[in-house]
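K.L.:
sequence and predicted model, in that order:
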Amino acid sequence: MAQLTHNDAITVQAAKDAERAASFADVSIRELTGIEEQAVAIRLLAEIWKRTPENPPVPPELLRAMSKAGNYIGGAFADDVLVGVAIAFHANPERHALHSHIAGISADHAGRSVGFALKQHQRAWALTHGIDVIEWTFDPLVARNAYFNITKLGARPEEYLANFYGEIADGVNNDDETDRVLVSWRLRSDEAIARAAGAASQVARAPGDVSVAIPPDIEQVRREDRAAAQQWRRRVRDQLTELLDAGGQIVGFDRTEGYLVRPRKDS
């Protein structure tokens, strides 16, 4: 990990939490600074996103420039084999935040807590660099990502972005509209600290809270019934957009019920 530039108690504990998470996942995590290992990272991301090597999610020259400019490029290794990658860049100075652009784990290591360990490394890195917030987007129809981001990490959804990227030519998004939810991970929040320490998420439901359901496995729906997948997209977009535009907040995610939204209470 990079040399500490900030060493308050939360930052020091974040580094310990990241080390513990990596040990639990049986991986080692570090920044990727060399051109050869960055090339391996690009090949892994192309494989995860089902792209050809000639059309990777991040061009190698851009990744090289991002590295030189001091952005975050982290890699998780199992027995010296790269099995996970996360890439993030700095937001504008006034926002004092990091935008996590892409992160992925090899299929062979999915479900082994490698993703959690990689995000905890990213959190510790950000805190050591004086950054208190990490933001990123995810597809609101992918239940495992919603659960991971909101429940496992303690990030909070801030905005619904309809067709944010436009068309993406890969084997994951296919020709679906690229709706995304923007989440904000406040690294010094009580919830982020508790999740990093391994505490379970507990959301106290309030009267009037609304659930917005999503399918348990949207990838399977897309494979078996394209029209049904598109109906899910429109339904969830309409429901979440209406609630958020009216001042509601997504306060949790339940694997059975979906998003838990707390409508704004008018004063």
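P.N.:
That came through, no problem.
K.L.:
just how off-centre is stretch 28-41 within its chain?
P.N.:
Mean-position distance between stretch 28-41 and its chain equals 20 Å (CA atoms, centre = their mean, to the nearest Å).
K.L.:
and stretch 254-262, by the same measure?
P.N.:
Put simply, stretch 254-262 sits 18 Å off its chain's centre (CA atoms, centre = their mean).
K.L.:
you'd agree His90 is up against Leu98?
P.N.:
Yes. Look at His90 against Leu98 with CB atoms under 8 Å: they come within range, at 6.1 Å. Heads up, the C-betas are built off the backbone N, CA and C, glycines and all.
K.L.:
if you count what's nearby, which of those two comes out ahead?
P.N.:
Higher neighbour count among His90 and Leu98: Leu98, with 25 against 18, using other CB atoms under 10 Å.
K.L.:
where does that one sit: helix, strand or coil?
P.N.:
Leu98 carries the three-state label strand when classified by DSSP: H, G, I helix; E, B strand; the rest coil.
K.L.:
same deal with the one 5 residues further on?
P.N.:
Ala103 carries the three-state label strand when classified by three-state DSSP.
K.L.:
residues contacting it?
P.N.:
Counting by CB atoms under 8 Å, 6 or more residues apart in numbering, Ala103 makes contact with 84-87, 115, 118-119, 136.
K.L.:
host element of the closest residue to Ile35 other than its chain neighbours?
P.N.:
Leaving aside its sequence neighbours, Ile35 sits nearest to Arg64 (CB to CB, 6 or more residues apart in numbering; 6.5 Å). For Arg64, the element it lies in under DSSP states H and E is helix 60-68.
K.L.:
check which residues of that helix are buried.
P.N.:
By 16 or more other CB atoms under 10 Å, the buried positions in helix 60-68 come out as 63, 66-67.
K.L.:
quick one: distance of it to the chain centre.
P.N.:
21 Å.
K.L.:
repeat for stretch 144-155
P.N.:
Distance of stretch 144-155 from its chain centroid, counting by CA atoms, centre = their mean, is 8 Å.
K.L.:
and if you look at stretch 213-227?
P.N.:
In terms of CA atoms, centre = their mean, the centre of stretch 213-227 is set 21 Å apart from its chain centre.
K.L.:
avg pLDDT for it?
P.N.:
For stretch 213-227, mean pLDDT rounds to 93.
K.L.:
what comes into contact with that stretch?
P.N.:
Residues contacting stretch 213-227 (CB under 8 Å, 6+ apart): 139-143, 146, 174, 176, 228-229, 232, 236, 255, 257-259.
K.L.:
list the contacts for Val83?
P.N.:
Applying CB under 8 Å, 6+ apart to Val83 gives the contacts 27, 44, 76-77, 105-106, 108-109, 114.
K.L.:
before I go, just wanted to say thanks for your time.
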